[in-house]
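K.L.:
sequence and predicted structure below; questions after.
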Amino acid sequence: MIRAAEVRRLKIDSSNKISSCGVSVDGKWQRRCYSSLNGCATVISIDTGNVLDDEIMSHYCRTCEANGNFRYKNKENHEYSNFVVSSGNMEPVGVYRMFEQSKCLRKLQYSQYYGEGDSKGFEQVKNIYGNNSVEKLECIGHVQ
């Protein structure tokens, strides 16, 4: 993903400054509805088609389930879930996390948000770089 961002940035500008780009954004769950334990959100470059970032979220912890305590979180003894609010908020939170780190990690500013009509993620990031800094564009082939 770092190499994909570098390719995208250098395609437009060879300097080390932050470049603007359009991205396709979507979230997915392990199963339908808002009861899934696992989900992810992905950002794909419109120019290159490469995945620039992804955020994987989980309510599940194998150790906690084995011990019969689903909500126990002890960093010292095992890996634990990285997402504690409702599954319906996985997409907006994942999108926010990716946009938040885009400038420092990727040296990219995601200025155009291509997404489906009911995307909750856009509301979280439309002002992330400043007032109305991200433009929402409908992706008519998004489902494909």
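P.N.:
That came through fine.

K.L.:
in the longest strand belonging to the chain, which residues are buried?
P.N.:
Looking across the chain with DSSP state E, the single longest strand is strand 19-29. Buried residues in strand 19-29, counted by 16 or more other CB atoms under 10 Å: 19, 21, 23-27, 29. C-beta coordinates here come from the backbone N, C-alpha and C atoms, glycine included.

K.L.:
dump these to JSON lines, plus pLDDT and distance to residue 110.
P.N.:
Supplementary listing: the buried residues of strand 19-29 in JSON lines, determined by pLDDT from 0 to 100; distance: CB to CB, whole Å:
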{"residue": "19", "pLDDT": "84", "distance to residue 110": "10"}
{"residue": "21", "pLDDT": "88", "distance to residue 110": "6"}
{"residue": "23", "pLDDT": "93", "distance to residue 110": "5"}
{"residue": "24", "pLDDT": "90", "distance to residue 110": "10"}
{"residue": "25", "pLDDT": "90", "distance to residue 110": "8"}
{"residue": "26", "pLDDT": "86", "distance to residue 110": "13"}
{"residue": "27", "pLDDT": "84", "distance to residue 110": "15"}
{"residue": "29", "pLDDT": "78", "distance to residue 110": "22"}
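
K.L.:
would you format the residues you listed as JSON lines with distance to residue 121 included?
P.N.:
Shown next, in JSON lines, are the buried residues of strand 19-29 (distance: CB to CB, whole Å):
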{"residue": "19", "distance to residue 121": "21"}
{"residue": "21", "distance to residue 121": "17"}
{"residue": "23", "distance to residue 121": "11"}
{"residue": "24", "distance to residue 121": "11"}
{"residue": "25", "distance to residue 121": "6"}
{"residue": "26", "distance to residue 121": "8"}
{"residue": "27", "distance to residue 121": "7"}
{"residue": "29", "distance to residue 121": "14"}
